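Undergrad: Got a predicted model here, sequence first, then my questions.
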Amino acid sequence: MASLYSGALAELEAVFDRLDDGSVEDAVSVIASARQIALHGVGREGLQIKGLAMRLFHLGLKVSVVGDMTTPPLGDGDLLIVSAGPGDLSTVQSLIGTASAAGARTLCVTAQPDGPCPRAADHVLTIPAQTMADDSGPDLSILPMGSLFEGAQFVLFEVMVLKLRDRLGVDAETMRGNHTNLE
């Protein structure tokens, strides 16, 4: 079992060795400057996106998850963050078009930067990891299907929150104070 854990961690480390730090900094800047932020993802990517939304809320940002009935309309100064690991998801493509038409900026987190969704977005954050778009053939991840991408999202999003916390001057106590008391 130890070799499975070690193998999975080594693959995650390799993803971050190949990650473009400039695109991470660009994403952090875009998030920090947004008036309000809506986020969307499907499947397990959607779970990671919801985790990011929660942490952005803990930072004190005005944030919502697409599909919740409290999600406000987006417009100038706003940001839509979407996850499209395989690069082409029809719902994501539609949301990018709607947000762009309303004047909002868009940020697509993907493993396939040449896909239709990232090509339509204003900003792209590429995580160089296996998704379901490329989970067959040689040199596969030890993890199934898109798990390497999704695991990398979790780690990356938490590091981005640390960068945002420093940039916005938010301390851990303030973040803790924004955590729900209804658990």
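TA: Structure's in. What do you need?

Undergrad: average pLDDT across the longest helix along the chain?
TA: The single longest helix within the chain, with elements called by DSSP state H, is helix 147-168. Taken as a whole, helix 147-168 has a mean pLDDT of 97.

Undergrad: for the protein, what spans make up the strands?
TA: 37-40, 63-65, 79-83, 105-110, 123-126 (DSSP state E).

Undergrad: and Q130, what is it in contact with?
TA: 111, 140-141, 143, 146, 148-149 (Cβ atoms under 8 Å, 6 or more residues apart in numbering). In short, each C-beta sits where N, CA and C put it, glycine included.

Undergrad: pLDDT score for it?
TA: Predicted confidence (pLDDT) for Q130: 92.

Undergrad: what are the phi and psi values for it?
TA: phi -60, psi 140 (degrees, to the nearest 10).

Undergrad: What residues does the closest residue to V124 other than its chain neighbours make contact with?
TA: Counting by Cβ to Cβ, 6 or more residues apart in numbering, V124 lies nearest to P118, which is 4.4 Å off, once chain neighbours are set aside. Going by Cβ under 8 Å, 6+ apart, P118 touches 84, 87, 108, 110, 112, 124, 126.

Undergrad: how much space is there between P118 and T126?
TA: Separation of P118 from T126 (Cβ to Cβ, to the nearest Å) stands at 8 Å.

Undergrad: who touches both of those two?
TA: With Cβ under 8 Å, 6+ apart as the test, P118 and T126 both reach T110.

Undergrad: from memory M145 sits against M132, does it?
TA: Yes. With contact defined as Cβ atoms under 8 Å, M145 reaches M132; the gap is 5.0 Å.

Undergrad: For the residue nearest to V124, report the pLDDT, please.
TA: For P118, pLDDT reads 98.

Undergrad: got it, and M1?
TA: Value for M1, per-residue pLDDT: 69.

Undergrad: Switch the contacts of P118 over to TSV; also include distance to A99, neighbour count and pLDDT.
TA: Output for the contacts of P118, formatted as TSV (distance: Cβ to Cβ, whole Å; neighbours: other Cβ atoms under 10 Å; pLDDT from 0 to 100):
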residue	distance to A99	neighbour count	pLDDT
A84	13	30	97
G87	18	22	95
C108	11	29	98
T110	16	28	98
Q112	20	22	96
V124	15	23	98
T126	20	19	98
